[in-house]
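**Q** 3D, please:
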Amino acid sequence: MSRKVFKKINVTGCSSESYEDAIRGALEKAGESVHGMAWFEVKEMRGAVVAGRATEWQATVEVA
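**A** Okay, here's the model as predicted:
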């Protein structure tokens, strides 16, 4: 019998450019300690606002 087992972790990436860049950063960091990553799911998206302008994008991803 063949079984798949996934360990899931949450990682939050931050970027001054975009959500996509924040997601990539989170996955790169997770890849340093999680081997054989198979998928990710975006769980939360948020950002920082300074003087009425978006200054940071943050994305929390669940990685398995």
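
**Q** pLDDT weak spots in this protein?
**A** Under the criterion pLDDT under 70, no range of the chain is flagged.

**Q** which parts of it are strands?
**A** Ranges of strands within the chain are 9-15, 40-50, 53-63, based on DSSP state E.

**Q** looking at those strands, which is closest to Ala26?
**A** strand 9-15 (3.1 Å; CB to CB). From N, CA and C alone the C-beta is placed, and that goes for glycine too.

**Q** partners of the closest one in the sheet?
**A** Strand pairing for strand 9-15, using DSSP bridges, gives strand 53-63 (antiparallel).

**Q** show me which residues of the partner strand are buried.
**A** Neighbour counts using 16 or more other CB atoms under 10 Å place Trp57, Gln58, Ala59, Thr60, Val61, Glu62, Val63 of strand 53-63 among the buried residues.

**Q** contacts only, for the last one.
**A** By CB atoms under 8 Å, 6 or more residues apart in numbering, the contact list for Val63 reads Lys8, Ile9, Asn10, Val11, Ala26, Leu27, Ala30, Val34, Met37, Trp39, Phe40.
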